[in-house]
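Chemist: The following block contains a protein sequence and its predicted model.
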Amino acid sequence: MSQPRPTTPLRAEPIILTAVPMDRSGRARALGWLGLPTVYWFLWAGVLLNRLGGSVFCLLAVYLTGRRDLSPAEAGWVISLFAAGGMMAGPIGGVLADRVGRRATLLAGTAGAGVLMLALGGARTTGGIVLLAPLLGFFTDVTRPAMQAAVADLVPAVQRVRAYGLLYWAVNLGYAGSAALGGVLAARSFTSLFVIDALTTVAYGLIVYLRVPETRPAVTARAVPVPYPASASTSTSFLAPFRDGAMLTLLAIQLPVFLAFTQMLAALPLDMRAHGIPTDRVGVLLGINGVVIVVGQPLAVRPLERLPHAIRLAIGAALTGVGLGAVALAAGPCSYAAAIALFTCGEIAFSTGGPALIAELAPADRRGAYQGAYHLAWGLASMAAPPAGAFALAHAGSRALWLGCLAVSLIAAILHLRVTARRLRHRRATS
């Protein structure tokens with residue numbers, strides 16, 4: 001008598017139904033400039049408008065010390081708390097974008113950031129400022145994973161490098177404009193900076209509300225046989241990106257590049273002042289970063305689109321390292337300007353290619369979580385780089401710091417060519 005065949009357990013496998021933005025008549029929305037969807041350009045315009053109003057962030061330390069009588073150390077702690085809130089916003093915002101939707105996360109983030117910006121402008125006590133800073137940082141950055149996931153939803157893979165590159169260009173164009181406008185407005189009224197920032201943030205939310213539909217792909221489930229019991233789904237969990245070997249490899253290789261690059265936030269100005277560069281000229285030299293991005297980003301998009309992800313990231317890491325290493329030899333404004341231009345070219349490459357690669361690695365229903373994990377790496381670097389750079393300058397010296405940045409960046413470039421490329425080939429072969 002034959003024995004009964006064992007029953008194979010079933011598990012639910014997600015079927016991703018890509019969301020296609022539709023107009024009210026049910027037709028697919030038309031493409032806009034450069035072959036990118038019209039909805040993408042509304043997102044792009046909202047980001048640009050929001051960044052144009054962001055003068056407060058350029059002058060926050062000046063405001064805290066000059067108008068609220070905080071010491072430089074206290075102002076530094078407030079800015080660190082703001083950064084800490086932004087760092088935590090990455091993974092949380094990514095999970096929210098996957099669970100409740102890109103549009104809802106964008107609307108909540110812009111509304112919260114607008115209200116908190118006005119509250120910070122009205123705060124008169126140190127305790128109130130300290131309480132509001134991390135909350136404002138959180139709501140300001142909680143929208144970023146949702147926005148980047150929405151771009152991945154809307155734009156085909158072959159055009160994502162262009163889409164993310166143009167978005168990064170808008171961020172820096174807005175930053176340059178807000179820095180120039182902020183100085184003029186601050187001389188008359190610092191309060192106007194907070195009001196303008198709040199208004200442009202809410203305006204970004206209104207653009208999303210009126211013109212950007214939900215782009216999150218719809219997910220259904222089908223039962224498929226598996227040779228083991230089904231486990232709990234982690235499709236939108238906080239930890240999902242950190243259980244992905246290819247994603248972890250990318251973050252581990254790219255984090256040292258972020259740590260090296262963000263030395264421009266504190267160590268580079270200190271180094272320039274130590275070499276006798278006047279404070280006003282330090283600001284002008286740091287502004288070269290934004291100028292190079294605004295001018296160079298559109299020119300670099302087409303060549304970068306043609307390169308594989310690993311090569312693009314390797315070029316970004318190598319140029320970042322060479323530029324920062326050149327600071328070790330800099331002694332005057334011209335040599336510092338050349339070094340800044342070099343590492344900014346590296347920034348263009350990895351900041352354009354990174355989100356596009358993350359969008360390829362992420363399952364469609366986890367795009368927000370994966371972009372949030374990438375944002376977390378940026379946040380960790382932004383928090384760790386200033387104290388680490390100051391410690392290195394004090395105990396090892398300027399040349400050791402910048403040559404160390406060169407070394408870790410070149411090692412990362414080699415690892416991208418060897419390890420990241422191999423991981424991507426394996427991922428595509430098994431998918």
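Modeler: Ah, there it is.

Chemist: Tell me which residues are up against the helix or strand harbouring residue 120.
Modeler: Assigned by DSSP states H and E, residue 120 belongs to helix 102-122. Applying Cβ atoms under 8 Å, 6 or more residues apart in numbering, the contact partners of helix 102-122 are 50, 56, 93, 96-97, 129, 132-133, 135-136, 139-140, 142-143, 145-147, 149-150, 153, 190-191, 193-195, 197-199, 201-202, 204-205, 208-209, 212-216, 368. Any C-beta I mention is one placed from the backbone N, CA and C, and that applies to glycine too.

Chemist: Now that helix: buried residues?
Modeler: 102-121 (16 or more other Cβ atoms under 10 Å).

Chemist: what does stretch 388-401 give?
Modeler: So, applying 16+ other Cβ under 10 Å, buried residues of stretch 388-401: 388-389, 392-393, 398, 401.

Chemist: tell me the average confidence for the helix holding residue 120?
Modeler: Confidence for helix 102-122, expressed as mean pLDDT, is 97.

Chemist: what's the following helix or strand after it?
Modeler: Next element after helix 102-122 (DSSP H and E): helix 126-141.

Chemist: So which elements touch that following helix?
Modeler: In terms of contacts (3 or more Cβ pairs under 8 Å, 6 or more residues apart in numbering; DSSP states H and E), helix 126-141 is packed against helix 72-99, helix 102-122.

Chemist: That helix vs helix 102-122, what angle?
Modeler: 160 degrees (axes from the mean of the first three to the mean of the last three Cα atoms, to 10 degrees).

Chemist: List of residues touching helix 126-141?
Modeler: Helix 126-141 has contacts (Cβ under 8 Å, 6+ apart) with 64, 68, 70, 74, 77-79, 81-90, 92-93, 108-109, 112-113, 116-117, 119-120, 123, 201, 375, 379.

Chemist: if we can go back for a sec, any chance of the helices and strands packed on helix 126-141 in JSON lines, with distance to residue 283 too?
Modeler: Putting these into JSON lines (distance: least, Cβ to Cβ, whole Å) gives the following:
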{"stretch": "helix 72-99", "distance to residue 283": "17"}
{"stretch": "helix 102-122", "distance to residue 283": "24"}
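
Chemist: Need the nearest residue in space to residue 383, chain neighbours excluded.
Modeler: Computed as Cβ to Cβ, 6 or more residues apart in numbering, the closest residue to residue 383 that is not its neighbour in sequence is residue 83, at 5.3 Å.

Chemist: what's the spacing between that neighbour and residue 148?
Modeler: Residue 83 sits 19 Å away from residue 148, going by Cβ to Cβ, to the nearest Å.

Chemist: Turn the buried ones among the contacts of helix 102-122 into a named PyMOL selection, would you?
Modeler: Burial among those is assessed by 16+ other Cβ under 10 Å; the matching PyMOL selection reads:
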select buried, resi 50+56+93+96+97+129+132+133+135+136+139+140+142+143+145+146+147+149+150+153+190+193+194+195+197+198+201+202+204+205+208+212+213+215+216+368
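
Chemist: Ramachandran angles for residue 37?
Modeler: phi -60, psi 150 (degrees, to the nearest 10).

Chemist: what do you get for residue 266?
Modeler: When read as degrees, to the nearest 10, the backbone of residue 266 gives phi -130, psi -50.

Chemist: Going by secondary structure, the nearest residue to it once chain neighbours are set aside is in what exactly?
Modeler: Excluding the flanking residues, the one nearest residue 266 by Cβ to Cβ, 6+ apart is residue 386, at 3.9 Å. Element membership of residue 386, judged by DSSP H and E, is helix 367-395.

Chemist: Residue 204 now?
Modeler: helix 190-211.

Chemist: Compute the inter-axis angle for that helix and helix 126-141.
Modeler: 30 degrees.

Chemist: Touching helix 190-211 from outside, list them.
Modeler: 39, 42-43, 45-47, 49-50, 52-56, 59, 63, 67, 103, 106-107, 109-111, 113-115, 117-118, 120-122, 140, 182, 185-186.

Chemist: Apply 7 Å and report the result again.
Modeler: 42, 45-46, 49-50, 52-56, 59, 63, 67, 103, 106-107, 110-111, 113-114, 117-118, 120-121, 182, 185-186 (Cβ atoms under 7 Å, 6 or more residues apart in numbering).

Chemist: model confidence over that helix, on average?
Modeler: Here the average pLDDT along helix 190-211 is 94.

Chemist: Could you check how far it is from the centre of its chain?
Modeler: 20 Å (Cα atoms, centre = their mean, to the nearest Å).

Chemist: for stretch 184-204, same thing?
Modeler: So, by Cα atoms, centre = their mean, the centroid of stretch 184-204 is 23 Å from its chain's centroid.

Chemist: same check, this time on stretch 247-264
Modeler: Distance, centroid of stretch 247-264 to centroid of chain: 12 Å (Cα atoms, centre = their mean).

Chemist: how about the helices in the stretch 201-350 of the chain?
Modeler: 245-261, 267-274, 279-286, 288-305, 309-327, 333-361 (DSSP state H, counting those that start in this stretch).

Chemist: Just want the angle from the fifth one to helix 333-361.
Modeler: If you take the same axes, to 10 degrees, helix 309-327 sits at 160 degrees to helix 333-361.

Chemist: Just the buried residues of helix 309-327, please?
Modeler: 309-327.

Chemist: got it, and the second one?
Modeler: By neighbour count with 16+ other Cβ under 10 Å, helix 267-274 contains the buried residues 267-272.

Chemist: what residues are up against residue 415?
Modeler: Per Cβ under 7 Å, 6+ apart, neighbours of residue 415: residue 253.

Chemist: Burial check on residue 33, number of neighbours?
Modeler: 10 (other Cβ atoms under 10 Å).

Chemist: Distance of it relative to residue 166?
Modeler: 9 Å.

Chemist: can you list the domain ranges for the protein.
Modeler: Domain assignment for the chain by automatic domain parsing gives 34-211, 237-430.

Chemist: Quick check: pLDDT value at the spatially most central residue of the chain.
Modeler: In the chain, the centroid-proximal residue (Cα atoms, centre = their mean) is residue 375; its distance is 5.2 Å. Listed pLDDT for residue 375 reads 90.

Chemist: what's the answer for residue 288, then?
Modeler: Reading off the model, residue 288 has pLDDT 86.
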